[in-house]
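**Q** Sequence and predicted structure are below.
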Amino acid sequence: MNLEIIAFVLSLFCVALNAKGHVLTWPLAIISSLAYSWVFQDAKLFGDAALQLVFVVLAIYGWIKWFKKTTSSITFKHIQAKSITYMVIACLALFVLIKFALIQYTSSDVPTIDAFLTAASLVATYMSAHKWIENWLVWAFVDVIYIGLYIFKGLYLTAVLYGLFIALCVLGWHQWSKLMGSEGNKA
């Protein structure tokens, strides 16, 4: 079976579980990220390939963070204004560093877009680990751009996956909003 198909299926289940606020999101993220790292390496999307390995580390972080929360209570929340500023600064700094690395150390033919999407994806993953509902907005924005990149690189199945991810972003936003509402009713 084609590795892109395996990565596709695992990633779809991973994001669907995340939309439901389920802790098993994170082990699936580890496995799907490892599979996609190989797929992206073959496609010379070096930023995306490296991003998948960082996703593995962030998935471990998210898994630990969510597991601790599920033993007490689920705390989905809105991001604070101060944190938005930090996320934008982090995204810009990561973009500059990643673009430099892609230009200097790889044969990437799309270093600018690869660097931007990699940086924004890292920030969105961090936001998700903190259960900030706005992560879904960042993911939807990034996923739209990823679709074009993957079509350009001939990764059509992955482009379809990212289209499905946009629908899951909407589902995730609504599901987390409902969970936030029910948490507020318990207080």
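**A** Here it is on my side, so go on.
**Q** In contact with the closest residue to Leu24 other than its chain neighbours, which residues?
**A** Excluding the flanking residues, the one nearest Leu24 by CB to CB, 6 or more residues apart in numbering is Leu17, at 5.3 Å. Just so you know, the C-beta spots here come from the backbone N, C-alpha and C atoms, and that holds for glycine as well. Listed by CB atoms under 8 Å, 6 or more residues apart in numbering, the contact partners of Leu17 are 24-25, 28.
**Q** And Leu17, what's its pLDDT?
**A** At Leu17 the predicted local confidence, pLDDT, stands at 88.
**Q** list the buried ones in the helix or strand that contains it?
**A** Leu17 is part of helix 3-19 when elements are defined by DSSP states H and E. Residues of helix 3-19 classed as buried by neighbour count (16 or more other CB atoms under 10 Å): 4, 6-8, 10-19.
**Q** From those, pick the one nearest Val88.
**A** Asn18 (22.7 Å; CB to CB).
**Q** contacting residues for that closest one?
**A** When contacts are counted by CB under 8 Å, 6+ apart, Asn18 is found next to 25, 128, 168, 172.
**Q** likewise Pro111?
**A** 47, 99, 102-103.
**Q** Those residues, buried ones only, as a PyMOL selection?
**A** PyMOL command restricting the contacts of Pro111 to the buried ones, with burial defined by 16+ other CB under 10 Å:
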select buried, resi 47+99+102
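**Q** Among the contacts of Pro111, find me the one that's closest to Thr118.
**A** For the contacts of Pro111, the nearest to Thr118 is Gly47 (4.1 Å; CB to CB).
**Q** Skipping adjacent residues, who's closest to that closest one in space?
**A** Distance criterion CB to CB, 6+ apart; nearest residue to Gly47, sequence neighbours excluded, is Asp114 at 3.6 Å.
**Q** and which of the buried residues of helix 3-19 is nearest Ser37?
**A** Closest to Ser37, out of all of these and judged by CB to CB, is Ala7, at 8.9 Å.
**Q** My read is that that closest one contacts Ser32, right?
**A** Yes - taking contacts as CB atoms under 8 Å, Ala7 lies within contact range of Ser32: 5.6 Å.
**Q** Remind me what the helix or strand bottoming out on mean pLDDT in the chain packs against, helices and strands.
**A** The helix or strand of the chain with the lowest confidence, counting by mean pLDDT, DSSP states H and E, is helix 46-70 at a mean of 83. Contacting helix 46-70 under the criterion 3 or more CB pairs under 8 Å, 6 or more residues apart in numbering; DSSP states H and E are the following elements: helix 25-42, helix 81-105, helix 111-129.
**Q** Same list (those) but as a markdown table, adding mean pLDDT.
**A** Below are the helices and strands packed on helix 46-70 laid out as a markdown table (pLDDT from 0 to 100):
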| stretch | mean pLDDT |
| --- | --- |
| helix 25-42 | 93 |
| helix 81-105 | 96 |
| helix 111-129 | 93 |
